[in-house]
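Participant: A predicted structure for the sequence below; I have some questions about it.
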Amino acid sequence: MPIEVLLVEDNPGDVRLTQEAFRDANPSVHLHVASDGVEAMAFLKREGSHSEDPRPDLVLLDLNLPKMDGRQVLAHIKADERLKTIPTVILTTSDAEGDIAKCYGLQANCYLTKPVQLHAFEALVRSINDFWLTKAKLPQTHV
Amino acid sequence: MPLEVLVVEDSSGDIRLTREAFRDVNPFIHLEVAHDGVEAMAFLRRQGDHLHAPRPDLILLDLNLPKMDGRQVLALIKEDDALKTIPTVILTSSEAEADVLKSYQLQANCYLSKPMHFEAFHDLVKSINDFWLSSVRLPQKDDEEDEQESGTQVPHLRGRKRSPGMRRNNDNDNDRRRRNAH
């Protein structure tokens, strides 16, 4: 059974690094990418070209995104009865205390800062995989 | 400076195993225990005997508890603006899908089921430590913001700005800012 992960990230370099790190860490992960907040919401609500896309088991959400900000995406996910049960992990370069407090207030499941060094970034993706996709019990997907 | 973890658990065996496992994996953790849901809420709200209780950095919450159920404790935490930002991890023997779904609906930060065997339990505690108390950025405590704003130290509140994990992450601050500038 593939594990569906939605990565919401506008930086193509970070998208590529995340794809490569997941490929190494867990080949059963299907990584889907939305490059802005509007596309992320369309994916989650299966609108437009996303009508056949799966419901993700996990969302990795950047904060600074074009069109619709990651904080708004998070607020939409956690205010939606159907979407709020999807674990949503903030993965961002921001380590501002204000962002951290705001995201936990909006019920982000956890907040991670992207390390700059490649090996540290790969280790973080491995730890996301080990914890969220191996140890944690995720809600069963309701198709 | 210790990280404060509140374990809400009624089984004395599980409390002991959790204590021993945390002692092995991270000596900076200060473990507090509430044995039922009512005590957990009194601890979090600093009521009664818990007037001087520290605000936990992380809560490990069992579901099946005397006096007040873990689901109710979770609901109360997540509807309280002062408490909702504390990451609350469900740690229970229940593997029922309904419990998993209900917990995420109530905005549990994550759901873990307790393994039966000691070694697997020890590994899980190590994972909790490695992920939640080392990799994850935890929110700064409101108490400390108050202290910083007023410039006075409230005597019964422990001042602690950052966890060891946070400090490690901050080593990259300058690099990150440089990268963000592009």
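Facilitator: Structure's in. What do you need?
Participant: only C-alpha atoms from now on, for both contacts and neighbour counts.
Facilitator: OK.
Participant: spell out which parts of chain B neighbour chain A.
Facilitator: Residues of chain B found near chain A (Cα under 8 Å from any Cα of the partner chain) are B:81, B:84-87, B:97, B:100-101, B:104-105, B:107-113, B:124, B:127, B:131, B:135-140, B:169, B:172, B:175-176, B:180.
Participant: and the helices in chain A, which stretches?
Facilitator: A:12-25, A:37-44, A:70-79, A:97-105, A:118-130 (DSSP state H).
Participant: just checking, what packs against the first one?
Facilitator: If I follow you right, that is helix A:12-25. Other helices and strands packing on helix A:12-25, by 3 or more Cα pairs under 8 Å, 6 or more residues apart in numbering or on different chains; DSSP states H and E, are strand A:29-34, helix A:118-130.
Participant: distance of B:Arg46 from B:Leu83?
Facilitator: For B:Arg46, the distance to B:Leu83 (Cα to Cα, to the nearest Å) stands at 12 Å.
Participant: and the helices and strands packed on helix A:12-25: which comes nearest chain B?
Facilitator: helix A:118-130 (6.9 Å; Cα to the nearest Cα).
Participant: which residue is nearest the middle of chain A?
Facilitator: When Cα atoms, centre = their mean is applied to chain A, the residue found nearest the centroid is A:Leu60 (1.2 Å).
Participant: pretty sure that one contacts A:Ile86?
Facilitator: No: judged on Cα atoms under 8 Å, A:Leu60 makes no contact with A:Ile86 at a distance of 10.5 Å.
Participant: okay, now the unreliable bits of the chain?
Facilitator: This is for chain A. Within chain A, the segments meeting pLDDT under 70 span A:141-143.
Participant: should've been chain B
Facilitator: Scanning chain B for pLDDT under 70 picks out B:1, B:142-182.
Participant: out of B:Arg46 and B:Leu83, which sits in the busier spot?
Facilitator: B:Leu83 (18 against 15; other Cα atoms under 10 Å in any protein chain shown).
Participant: which residue is the nearest non-sequential neighbour of the more buried one?
Facilitator: B:Ile77 (5.4 Å; Cα to Cα, 6 or more residues apart in numbering or on different chains).
Participant: separation between that neighbour and chain A?
Facilitator: Separation of B:Ile77 from chain A (Cα to the nearest Cα, to the nearest Å): 12 Å.
Participant: doesn't that residue lie inside a strand?
Facilitator: No: counting by DSSP: H, G, I helix; E, B strand; the rest coil, B:Ile77 is not part of a strand but helix.
Participant: residues touching the residue nearest the centre of chain B, list them.
Facilitator: Geometric centre of chain B, nearest residue: B:Leu58, 1.1 Å, by Cα atoms, centre = their mean. With contact taken as Cα atoms under 8 Å, 6 or more residues apart in numbering or on different chains, B:Leu58 is in contact with B:Glu4, B:Val5, B:Leu6, B:Ile86, B:Pro87, B:Thr88, B:Val89, B:Trp132.
Participant: using TSV, lay out the residues you listed together with neighbour count and distance to B:Gly37.
Facilitator: Below are the contacts of B:Leu58 laid out as TSV (neighbours: other Cα atoms under 10 Å in any protein chain shown; distance: Cα to Cα, whole Å):
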residue	neighbour count	distance to B:Gly37
B:Glu4	19	18
B:Val5	20	16
B:Leu6	23	12
B:Ile86	23	16
B:Pro87	26	17
B:Thr88	24	14
B:Val89	24	15
B:Trp132	21	23
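Participant: residue 39: how many residues sit nearby?
Facilitator: This is for chain A. By the criterion of other Cα under 10 Å, A:Glu39 has 21 neighbours.
Participant: my question was about chain B
Facilitator: B:Glu39 has 20 neighbouring residues, counting by other Cα under 10 Å.
Participant: over to A:Arg82?
Facilitator: A:Arg82 has 13 nearby residues by other Cα under 10 Å.
Participant: show me the contacts for it.
Facilitator: By Cα under 8 Å, 6+ apart, the contact set of A:Arg82 is empty.
Participant: okay, strands next: where are they in chain B?
Facilitator: B:3-8, B:29-34, B:58-61, B:88-92, B:110-113 (DSSP state E).
Participant: export these as TSV, with columns for distance to A:Lys67.
Facilitator: Converted to TSV, these look like this (distance: least, Cα to Cα, whole Å):
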stretch	distance to A:Lys67
strand B:3-8	38
strand B:29-34	42
strand B:58-61	34
strand B:88-92	32
strand B:110-113	29
